[in-house]
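J.: turn this into a structure:
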Amino acid sequence: MTSDHDANERRGPLTGIRVLDLSRVLAGPFCSMILADLGAEVIKIEDTGSGDQTRTIPPFVNGESHYFLAINRNKKSVSLDARTPEGRDILLRLAARCDVVLENFRPGVMDRLGLGYERLKSVKPDLIVCSISGFGETGPLRDKPSFDLVTQALSGVMSINGYPDGPPTKLGLPLGDIGGGLWAAIGVLAALAERNATGRGSRIELSLLEGLMGLLGYLAEMFLVTGENPVRMGNSHHNIVPYGLVPAKDGHLVLALHVGAFWRKFCRCIGREDLVSDPRFRTVKDRFQNRAELEPLIAEIMRTQTVAEWQAILDAADVPHGPVNNIDQAINQPAIQARGFVKETRHPVAGTVKLLGNPLRFILTAGQVHDSKQAEALIDGFDFDKLLADKGYDSDRFRVVIDAAGGEAVIPSSRARSQAIPYDKDIYKERNLVERFFNKIKHFRRIATRYEKTALSFASMLSLVGAIIWLR
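T.: Alright, predicted model coming up:
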């Protein structure tokens, strides 16, 4: 653990753990967001220039990508070129002060950068290094590029998603990447527990393909047991009936009658208790074998009432069900609002933004719930080298400051958009002025774009007037 914290300062179970996050896009950042939510200090390394690729994905809030905002809360953002000797040296110095290094480059890239596991281990023997890649560090696809959609296709997931008479369909969620982030977080937590017990660091290697296939669960086992591929079932379950989407008079809802007790409750509340003793539907196996008869029968009954009417009836009978919400309805439903799952936070560029919180709540810890923060946006077009030199901070002094930076914001590149330096009122005053200047430029660019046609017409008119005056 990197530092001790008083109980009153604890943000969560991982308070005192420091993570150096070299990952980008989704799988790695999702993992580091989980660790940050749990109290770890996460130093996110971004490439110089545009930063993490997700910063460029619309829609935007005052220039900040919704995608980046969604998966980078509670992190400190750093711009650094790891390909330069200086950048590599700074990363090694940072790694020496961290507990975990997380990366999702293709296999071999970290070694080529001079940041392979053995090199990182040499600066901190008990370091935990977690490497995420599309296909793992061995095997025929080791060096191939991959994204979530490729993972879904190769894992078999798309083959079981969709309707029987339709094509294979990707999941609405990027589960290949999100699942990989979850597996990586689990691995890091297990490695931290192992280090607490043995004092040794470890290396974690994760294939996103195996990560998603690891979530196939009983569907993969169906094939392993029977030799037959599970088929696409649309909104129905492979083995449990009724379990899926059913029509109502004015919409749809889902029924999840997983066990016999709920089947019996359902039959009573719809006024068809005779179905309980019907030999075609008595057991789970019976209902499965007679799916073709049962599902149309249930659909006919459900069409007699509205969604709201069925909700009242099924709620009273304690039957698992639910309306099919869109995202707006899901976020604003009482079950979510009452527990404060949607957080509101202040971002330095985007302003006030709302974010989903972390679903884990540690009732007995001091850091049970803490407000989500955001990694600051990179400020385009500004370099602090000259400003630092003017104030007497040469590169050697700067490296010492990096090495002793402790838990505060560490932004350590000569090309970084902000720097970890001792507090100096004049420097910070100048920095704020520069930031305000470039924010004004961005503001006027947006206005110019919005009124581009008007601006061009006005410029043309001015040019014409100038020409007339000149001719006279």
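J.: now do the helices in the stretch 1-150 of the chain.
T.: For the stretch 1-150 of the chain, the helices defined by DSSP state H, counting those that start in this stretch occupy 27-37, 66-71, 85-95, 109-112, 117-123, 148-155.
J.: now the chain, which segments are flagged as low pLDDT?
T.: Counting by pLDDT under 70, the low-confidence segments of the chain come to 1-9, 364-472.
J.: okay, domains of it per the record?
T.: Here the domain parsing of the chain from automatic domain parsing is 7-215+337-403, 243-325, 425-471.
J.: all helices for the stretch 251-400 of the chain, in order.
T.: Assigned by DSSP H, counting those that start in this stretch, the helices in the stretch 251-400 of the chain fall at 260-269, 274-277, 284-289, 291-302, 307-317, 327-332, 334-337, 385-390, 395-403.
J.: now render the domains of the chain as TSV, adding distance to residue 231.
T.: To be clear about C-beta, it is placed using only N, CA and C from the backbone, and glycine gets the same treatment. Listed next are the domains of the chain as TSV, based on distance: least, CB to CB, whole Å:
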stretch	distance to residue 231
domain 7-215+337-403	6
domain 243-325	13
domain 425-471	50
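J.: so for residue 233, which of these sits nearest?
T.: Closest of these to residue 233 is domain 7-215+337-403, at 7.0 Å (criterion: CB to CB).
J.: how far is that closest one from where the chain is centred?
T.: Offset of domain 7-215+337-403 from its chain centre (CA atoms, centre = their mean, to the nearest Å): 9 Å.
J.: circling back to that earlier point, just name the most buried of the domains of the chain.
T.: domain 7-215+337-403 (a mean of 18; mean count of other CB atoms under 10 Å).
J.: out of the helices of the stretch 251-400 of the chain, nearest to residue 178?
T.: helix 327-332 (15.9 Å).
J.: now the closest one - C-alpha only, PDB.
T.: Listed next in PDB are the C-alpha coordinates belonging to helix 327-332 (Å, rounded to 0.1, in the frame of the first residue of the first chain):
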ATOM      1  CA  ILE A 327     -33.000   4.500 -20.900                       C
ATOM      2  CA  ASP A 328     -34.900   7.600 -19.800                       C
ATOM      3  CA  GLN A 329     -37.500   5.500 -17.900                       C
ATOM      4  CA  ALA A 330     -34.800   3.300 -16.400                       C
ATOM      5  CA  ILE A 331     -32.800   6.200 -15.000                       C
ATOM      6  CA  ASN A 332     -35.800   8.100 -13.700                       C
END
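J.: list of residues touching it?
T.: Here helix 327-332 makes contact (CB atoms under 8 Å, 6 or more residues apart in numbering) with 323, 336, 342, 356.
J.: show me what the last one is bridged to.
T.: It stands for residue 356. residue 342 (DSSP bridges).
J.: then the first one?
T.: For residue 323, the beta-bridge assignment (DSSP bridges) gives partners residue 253.
J.: how far away is it from residue 270?
T.: Plainly put, residue 323 is 17 Å away from residue 270 if you go by CB to CB, to the nearest Å.
J.: residue 362 touches residue 12, doesn't it?
T.: Yes: if you go by CB atoms under 8 Å, residue 362 and residue 12 touch, sitting 6.7 Å apart.
J.: just list the residues touching residue 24, thanks.
T.: Per CB under 8 Å, 6+ apart, neighbours of residue 24: 46, 47, 52, 53, 54, 104.
J.: okay, those residues in a markdown table with distance to residue 349 next?
T.: Putting the contacts of residue 24 into a markdown table (distance: CB to CB, whole Å) gives the following:
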| residue | distance to residue 349 |
| --- | --- |
| 46 | 14 |
| 47 | 18 |
| 52 | 14 |
| 53 | 18 |
| 54 | 15 |
| 104 | 25 |
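J.: could you list which of the residues you listed belong to strands?
T.: The strands, defined by DSSP state E, take in residue 46 from the contacts of residue 24.
J.: columns distance to residue 26 on top of the helices of the stretch 251-400 of the chain, output as JSON lines?
T.: Shown next, in JSON lines, are the helices of the stretch 251-400 of the chain (distance: least, CB to CB, whole Å):
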{"stretch": "helix 260-269", "distance to residue 26": "36"}
{"stretch": "helix 274-277", "distance to residue 26": "46"}
{"stretch": "helix 284-289", "distance to residue 26": "37"}
{"stretch": "helix 291-302", "distance to residue 26": "37"}
{"stretch": "helix 307-317", "distance to residue 26": "34"}
{"stretch": "helix 327-332", "distance to residue 26": "18"}
{"stretch": "helix 334-337", "distance to residue 26": "23"}
{"stretch": "helix 385-390", "distance to residue 26": "33"}
{"stretch": "helix 395-403", "distance to residue 26": "29"}
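J.: for those, which one sits closest to residue 185?
T.: Smallest distance to residue 185 across those (CB to CB): 22.6 Å, for helix 334-337.
J.: centre of the chain to the closest one, how far?
T.: Centroid separation for helix 334-337 versus its chain: 21 Å, with CA atoms, centre = their mean.
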